[in-house]
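1. My questions concern the predicted model and sequence given below.
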Amino acid sequence: MMTTRVDLSDVALEYFTSSDFFEIVMSNDYAVNDYARALAHVCYGNEELSKTVCKMARDCCFEGNHPNYLIVLRHLLRLDDTNA
């Protein structure tokens, strides 16, 4: 996780977690590991967003894209935010 807090506006968060952006990053191998860590960071304590990102990763799996979705899921599954 990041050591300093960065607040994103709602619009920035919407763009960062959009399915189109997710698909572009996954299919083109654009710093997937860094993107996955950042997604896990913004999903911490946000159950709805976590479910949305997991669904995008699952859909990416079924569409036959690169196995980058596994990197995203691995970072999300490491979160211990049950009491966040």
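-> Arrived safely.

2. Tally up the residues packed near N46, please.
-> When counting by other Cβ atoms under 10 Å, one arrives at 15 neighbours for N46. Quick note: C-beta positions are derived from backbone N, CA and C, even for glycine.

3. Next up, the contacts around it.
-> N46 is in contact with no residue at all, counting by Cβ atoms under 8 Å, 6 or more residues apart in numbering.

4. Tell me how far it lies from A31.
-> 22 Å (Cβ to Cβ, to the nearest Å).

5. Run through who's touching the top helix by length along the chain.
-> Ranked by residue count under DSSP state H, the longest helix found in the chain is helix 47-62. The contact list for helix 47-62 (Cβ under 8 Å, 6+ apart) reads 17, 19, 22-23, 26, 39, 42-43, 68-69, 72-73, 76, 79.

6. In that helix, which residues are buried?
-> Burial within helix 47-62, assessed by neighbour count using 16 or more other Cβ atoms under 10 Å, is assigned to 50, 52-54, 56-57, 60.
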